[in-house]
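Undergrad: okay, predicted coordinates and the sequence, questions at the end:
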Amino acid sequence: MQVPPLVQELIQATNEEAVLWRPEDLMLYEYDALSSRRPPEAVVFPATTQQVAAVVKVAARHHCPVIPRGAGTGLSGGAVALEGGVVVSLARMNQILEIDLENQRARVQPGVVNQDLSLAVADAGYYYAPDPSSQKACTLGGNVAENSGGPHTLAYGVTTNHVLGLEVVLPDGCVIRTGARYWDRPGYDLTGFIVGSEGTLGIVTEIVVRLMRLPEAVKTLLAIYDSVADATATVAAITAHGITPAALEMMDGLMLRAIEAATHAGYPLDAAAVLLIELEGLREAVEEEADSITAVCGAHRARQVRVARRAEERELLWRGRKNAFGAIGRLTPSFYVQDGVIPRTRLPQMLDYIAGVERRYGLRIGNVFHAGDGNLHPLIMFDSRDAQQVRHAVKAAEEIMGKCVELGGSITGEHGVGIEKNELMPLIFSEEDLAVMRKLKQVFNPQNLLNPGKVLPSGKMCGEVRVQVSLGS
Amino acid sequence: MTQSNYSPREKPRWETYSKCIHCGLCLNACPTYRELRQEMDSPRGRIYQMIQVDRGALALGPSFVRHIDLCLDCRACETACPSGVEYGRLVELARSQIARHYRRPLRSRLLRRLFLAGLLPHRRRLECVGMILRAWQQSGLEQLVLQSHLLEALSPRLARIARLAPRLEKPFFTRQLGHVVPARGSRRYRVAFFAGCIANLAFARLNEATLRVLAENGCEVVIPKEQGCCGALQVHAGLRDLARRLARRNLEAFLAEDWDAVITNAAGCGSVLKEYPLLFEEEQPELHPQALRFSSRVKDVTEYLAGIDFNRALGPVPARATYQDPCHLAHAQRIRSAPRQLLRAVPGLELVELKEAEVCCGSAGIYNVVENEMAERLLAAKMRRIDETQADLILTANPGCLLQLRAGVAGSKNPARRVMHVVEVLDKAYQTSP
Amino acid sequence: MATATQAGVAKLASIVGEARVLTDAASCQACAVHGRVPRCVVFAPSAGQAAQVLQCAAEQDLAVIPRRNGTKIETGNPPRRYDVALSLKEMNQVWYYEPDDLVISVEAGMKWGDLQHFLSRRGLWVPLDPPGGDKASVGGCAAAGASGPLRLRYGTLRDMVLGMTMATTEGKVVKTGGRVVKNVAGYDLAKLLIGSWGTLGVITEVTLKLFPRPPQTRTYAAAVASLEEARQLRRRLLESPLAPQRMVLLDSTTARLAGAALFGDERFQVWIEAAGSERVLRRYDAELSGWLPKAHSLGVNESNWASLADYPALWLGAWRGAAVLKASLPVAATETFIGQAEEEARASEARLACIGMTAVGVVRLALAASLPPDRLASLIERLRTQAVQLGGSLIVERCPADVREHVDAWGPPGDDLQMMRRMKQAWDPKGILSPGRFVGGI
């Protein structure tokens, strides 16, 4: 088979082992965790920043889109080659370059797996706080691109609150360093702007992150409810009581049963909902907060509040929670995860609404979400082989998103916009807001070669068709 | 949809693979992905390739075979998978398709045929080869050849593989077949022992230790005579017809009586013994009920002991130890706490948790022979983690892992470290018990 | 030129009304920045009008500096030109308040003290103690990326701003983020605006995350004999499970100015403020009494912290003509930097005062000397060089006009300056917003 000129140049920029170009290999890069689209023209695995820069220059010469990719665990399609092009996989740039405990910093390459960083500093009593559910597989580069959250971001903030500096390859091949190893460097906060830009502004090749001290005490509570409304009311009450748990998660009965089947974590099978609450910090503070929360749960008719006694028990409860999206594979051949945010006080209202949507379309919808910050993840179940169900799933999702916006929320809390929600952006942003975003994107990415078709609406596709394509039907 | 590139029987099926939601949570759990960092060599990617072959979009050709071959079948992805995808079943069925429809180069065909079909299933032949090998080892010739670097000159790969060869010690365990070992003290259980194939030659002492430990725990142990190779390596290689023949032999040998348990000390064997029913789902389904009855009795020795309130009259075994989870114990059989529970009961044994203990050491049946380069990379990574623990005693619970880790220790800066099976530690502890 | 400007002023008046455009000398003089006096002061009553004012100014090529109370207006380089002072004084409404959700949206001109007072009715606060104290404005703090010692526990505005509205020089009111605590929809423009010192757009509304006020606080003050002792203390604190709200290392002069009693002949004092329930505070009592044997209650309280927050007033009240500097550093380098600064000051016979937020890597300094301006400037440059060598940076927040001619406020830019310039170009193509005041001449 003839090696195309683009590929030849990519090999020159890197080496033979670093470039995939045969169709049978490229096929494996047509998907991420959202959907399956079309294969790219090549996949490159650069080993150094210089190689990333060289690859980007080659692509620019060929006027070819460049799609950065970490582990491909993203849920908004950010890593798929919508228009073909070169996928730049950062997976092999996975060195932890420096750990500086006195300054509570680490300098890492983008391909380092989130959990591997915490593992590397755990013995010294530190960890990296943002913990997306995919943390055992997802990369820090991907986290930076998506500004990933996770259950424990309730108390400690999302990725952007933990990233101080970046090395970035711009679409023209220039390399810049933004931010620093300390906060407050004078100048525009380009680091803060690039975090969460979903790979549309530059390719991050190095990241300076903040490490945090492991807490002295951790307590995990499981509050069990016979009604969803009581559980959601508890969430608002906990917030209003001035307690910020490290994590505050909710799962409804449907999800509980799927999770329990997957992990045998000891979740009650007959409950209507549970809250999984984690408290961290000083021993005294944790104990007091646990008492107040138990009281609040009791006041809202929790059937039982269980405290995990051992570390293993706690781990098991969390494994169950973190495996929730996957566990749904046991209930349905296909599902569509949503990622909406609403003000916490509107949770009861929102869940009523979702129950209504469920009835209206005759689809099952599971709820598992970061209740503490109002970040919902309704899981709409359907069978992709049934066109009617697919249509209904899409409509249900859009109606739920619409309701989030109506209640003063947002269309994505942590999964990102990507190709999934770019056409929904006008729900929360005016044409003028979007125009400014477009202009700023052009500052970095003037040819629109870097991850085209993501984040901003293209206006090319109507919502339904787009989501159907993204659902792979 | 175009035609499937699989033949209809025993193939990866929609009902199984459609559970994969391509979330990617398996990626970093997969040893080959950890090393190569490309989708084709990840569980998600392999499943995707299997699907494409089924859809007729990918040929059952060299590329597919390469990536399926490189899988260790360690099933760490099953532990990571939230959807409950039965990856082991999928990859074994894919390999069955490959075995039937893909023509390998002559050398690799011969090697597989000779070893998996010509040798392992036949006790006599095994003994013969064993005696020759033992003579070779005892004559000092092996030592000489290994030290002379002759093999390195010939083929570095061959030299590395040669170092993996087990020490064969007299007497072979085969002479124990058909015997009964009485319980020490009053008999509480009557169990059957599964002795394995190569283990009869290379792990005779381990098997004996296992019998002693079981006896210490009130077990009368019967070693059925007509038993044979479990068929695990054949299942992994996709030779399902052969595996079924081996399974039938064991069903006959073990179902003759109603044991409290059928016990094995080899995680790899145990895992396939527990999965015999899968072999009889599509083919010879009339044997499926028997297979179910048999497999429900099979217990790993650590699992069994931890489940029966084991004899805690253990003497001290002073050591700083660490434990490597055998993949087919931790992932395929989901047994993680039992061996640790046993080890924690041994006085003087300081158990240090090994980071990434659940990642494969690279042994994986005959993988370290046929995919030696990847196996060596995995072993090197494993040894780095082991070094971190500063343990002088390395423990695991599967003969294959023992060989691989011994090779790792032998080639390390600290070759004095011992590598033992959990059961051997217990045996020692019972012996030093006051 | 003068007539052109007059025409421009008239147009501005047509946007906001005659009464909101002041051209009298006293009003203009009051809004001078580094001696430059604007031609008019315009009061924007709303975001929309602020945007129109900017658009009009851009069309007329009038340079604009947004302001409220001017608590931080001295920071930055002298403007290249300056025609319009855009005051947000009238924009001080609360637009959205959901105490149960712990969210508030306020107009940028609201004073920090008013905001906190408003929130205190429900026992809430925004845990930020910005320079300028109560007089600082919400928008000003955001534009300056201002923070104080409370950032040790709560972070900075960067971590608390959920959403923002800003007026652009194209006359648009643009929104970013939202009113929920977690949101990744679209580019995060708020990050760009925070710390942009009014050079990209004018912040008109800010949505903030709220926190419940802790039930009690307690400050532990102790004498610290040496920087080495301070270093050990900082390490110990950061490695401990304790999470105090604030910790500062003060030289004895600053401690005295902030109203604290002295132990005697100490070189430094450390103040550590813990927050929480009585039980939590007892834990602090127990732990800290072990570390700080010489600690005893000096009665340091909220008012001492408040006077510390207004450190420019504190220092300049005592040392007229002093330069006020802020060094940002890796945490581990803070004590070293203070030591080096002390030596440099001693060698130049200058007096030095410091507030070291050593656990977050910020050191504020006051330098007073009877030196010629260029010598004081070169002393500042030497301190900056040391900060840079330690992996940090140093900015000049205040200094006498004649010194400022010799020293850049921000220090050397990095290799991302080009991108910053392009950013500026995209937001403000005519270059009318605070021209020349920011990093690299932006």
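TA: Now that the structure is in, tell me what you want to look at.

Undergrad: residue C:99 and residue C:122 touch, don't they?
TA: Yes. The pair formed by residue C:99 and residue C:122 meets the contact definition of CB atoms under 8 Å, at 4.5 Å. (C-beta placed from N, C-alpha, C; glycine too.)

Undergrad: so what's the residue count around the residue of the stretch 251-400 of chain B at minimum distance from chain A?
TA: In the stretch 251-400 of chain B, the residue that lies nearest chain A is residue B:355 (6.6 Å; CB to the nearest CB). Residue crowding around residue B:355 was assessed by other CB atoms under 10 Å in any protein chain shown; the count is 17.

Undergrad: tell me, how many residues neighbour the residue of the stretch 51-200 of chain C found nearest chain A?
TA: Nearest residue of the stretch 51-200 of chain C to chain A: residue C:191, at 2.8 Å (CB to the nearest CB). Residue C:191 has 25 neighbours, counted by other CB under 10 Å.

Undergrad: also the one 10 residues further on?
TA: Residue C:201 is surrounded by 29 other residues when neighbours are defined as other CB under 10 Å.

Undergrad: in which helix or strand would I find the most centrally placed residue in chain A?
TA: Nearest to the geometric centre of chain A sits residue A:415, at 3.8 Å (CA atoms, centre = their mean). Under the criterion DSSP states H and E, no helix or strand holds residue A:415.

Undergrad: which residues touch the residue of the stretch 251-400 of chain B closest to chain A?
TA: A:119, B:385, B:388, B:389 (CB atoms under 8 Å, 6 or more residues apart in numbering or on different chains).

Undergrad: where's it relative to chain C, distance?
TA: For residue B:355, the distance to chain C equals 23 Å [CB to the nearest CB, to the nearest Å].

Undergrad: same check, this time on residue A:315
TA: 21 Å.

Undergrad: please identify the helix or strand for that residue.
TA: Counting by DSSP H and E, residue A:315 is part of helix A:311-322.

Undergrad: and that helix, what's its mean pLDDT?
TA: Taken as a whole, helix A:311-322 carries a mean pLDDT of 88.

Undergrad: buried residues in it, which are they?
TA: A:313, A:314, A:316, A:317, A:318, A:319, A:320, A:321, A:322 (16 or more other CB atoms under 10 Å in any protein chain shown).

Undergrad: in terms of secondary structure, what does that helix contact?
TA: strand A:217-225, helix A:253-263, strand A:273-281 (3 or more CB pairs under 8 Å, 6 or more residues apart in numbering or on different chains; DSSP states H and E).

Undergrad: right, and these - which one's nearest residue A:70?
TA: Taking CB to CB, helix A:253-263 is the member of these nearest to residue A:70, at 24.8 Å.

Undergrad: orientation of that closest one relative to helix A:311-322 in degrees?
TA: Calculated by axes from the mean of the first three to the mean of the last three CA atoms, to 10 degrees, helix A:253-263 forms an angle of 120 degrees with helix A:311-322.

Undergrad: what residue ranges in the chain are flagged as low confidence?
TA: I went with chain A, as the question did not name one. Where chain A drops to pLDDT under 70, the residues are A:460-473.

Undergrad: hmm, no, I was thinking of chain C.
TA: For chain C, the stretches with pLDDT under 70 are C:1-4, C:293-298.

Undergrad: give me that answer again for 80
TA: C:1-5, C:265, C:293-298 (pLDDT under 80).

Undergrad: just want the most central residue of it.
TA: Geometric middle of chain C (CA atoms, centre = their mean) lands on residue C:146, at 2.9 Å.

Undergrad: pretty sure it contacts residue C:158?
TA: No. Applying CB under 8 Å, one finds residue C:146 not in contact with residue C:158, separated by 10.8 Å.

Undergrad: close to chain A, is the helix or strand where residue C:95 lies?
TA: Using DSSP H and E, residue C:95 maps to strand C:94-98. Yes. Against chain A, strand C:94-98 shows contacts by CB under 8 Å from any CB of the partner chain at residue C:98.

Undergrad: counting by contacts, list what that strand packs against.
TA: strand C:103-107.

Undergrad: okay, angle between the next helix-or-strand element following the strand it packs on and strand C:103-107 too, please.
TA: Remark: after strand C:103-107, the chain's next helix or strand is helix C:112-120, criterion DSSP H and E. Comparing the axes of helix C:112-120 and strand C:103-107 via the same axes, to 10 degrees yields an angle of 150 degrees.

Undergrad: spit out the contact partners of residue C:60.
TA: Residue C:60 neighbours (CB under 8 Å, 6+ apart): C:4, C:5, C:7, C:8, C:11.

Undergrad: what about 7 Å?
TA: Residues in contact with residue C:60, defined by CB atoms under 7 Å, 6 or more residues apart in numbering or on different chains, are C:8, C:11.

Undergrad: and what of residue C:156?
TA: A:183, C:145, C:147.

Undergrad: out of those, list just those in helices.
TA: The helices, defined by DSSP state H, take in nothing from those.

Undergrad: spell out which parts of the stretch 51-200 of chain C neighbour chain A.
TA: Proximity of the stretch 51-200 of chain C to chain A, by CB under 7 Å from any CB of the partner chain, involves residues C:98, C:100-103, C:145, C:155-156, C:158-159, C:168, C:172, C:174-175, C:178-189, C:191-192, C:194-196.

Undergrad: which among these count as buried?
TA: Using 16+ other CB under 10 Å, the buried members of those are C:98, C:101-103, C:145, C:155-156, C:158-159, C:168, C:172, C:174-175, C:178-189, C:191-192, C:194-196.

Undergrad: and for the residue in the stretch 51-200 of chain B that chain C sits nearest to, the neighbour number?
TA: In the stretch 51-200 of chain B, no residue comes nearer to chain C than residue B:82, which is 22.6 Å away by CB to the nearest CB. Residue B:82 has 26 neighbours, counted by other CB under 10 Å.

Undergrad: check it and give its pLDDT.
TA: The model's pLDDT for residue B:82 equals 85.

Undergrad: now the one residue sitting closest to the centre of chain B: how far from residue B:331?
TA: Most central in chain B under CA atoms, centre = their mean is residue B:268, positioned 2.7 Å from the mean C-alpha point. According to CB to CB, to the nearest Å, residue B:268 stands 12 Å off from residue B:331.

Undergrad: quick revisit: which of the contacts of residue B:355 has the most neighbours?
TA: residue B:389 (18 neighbours).

Undergrad: contact partners for residue A:230?
TA: Per CB under 7 Å, 6+ apart, neighbours of residue A:230: A:300, A:301.

Undergrad: quick one: which helix or strand includes it?
TA: helix A:228-240.

Undergrad: can you give me the strands in the stretch 51-200 of chain A?
TA: A:66-69, A:86-89, A:96-100, A:105-108, A:126-127, A:163-169, A:175-179 (DSSP state E, counting those that start in this stretch).

Undergrad: right, and those strands - which one's nearest chain B?
TA: Smallest distance to chain B across the strands of the stretch 51-200 of chain A (CB to the nearest CB): 7.3 Å, for strand A:86-89.

Undergrad: element containing the residue of the stretch 51-200 of chain C closest to chain A, please.
TA: Here residue C:191 is assigned to helix C:189-193, by DSSP H and E.

Undergrad: just name whatever secondary elements that helix is in contact with.
TA: In terms of contacts (3 or more CB pairs under 7 Å, 6 or more residues apart in numbering or on different chains; DSSP states H and E), helix C:189-193 is packed against helix A:190-194, strand C:161-167, strand C:173-177.

Undergrad: then the next helix or strand after that helix to PDB, C-alphas only?
TA: Sequence-wise, the next helix or strand downstream of helix C:189-193 (DSSP H and E) is strand C:202-209. Extracted as PDB, the C-alpha positions of strand C:202-209 are listed here (Å, rounded to 0.1, in the frame of the first residue of the first chain):
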ATOM      1  CA  VAL C 202     -15.200  46.500  31.500                       C
ATOM      2  CA  ILE C 203     -16.600  44.100  34.100                       C
ATOM      3  CA  THR C 204     -20.200  45.000  34.700                       C
ATOM      4  CA  GLU C 205     -21.700  42.200  36.700                       C
ATOM      5  CA  VAL C 206     -20.100  39.400  38.700                       C
ATOM      6  CA  THR C 207     -21.800  36.200  40.000                       C
ATOM      7  CA  LEU C 208     -20.100  34.800  43.000                       C
ATOM      8  CA  LYS C 209     -20.100  31.600  45.000                       C
END
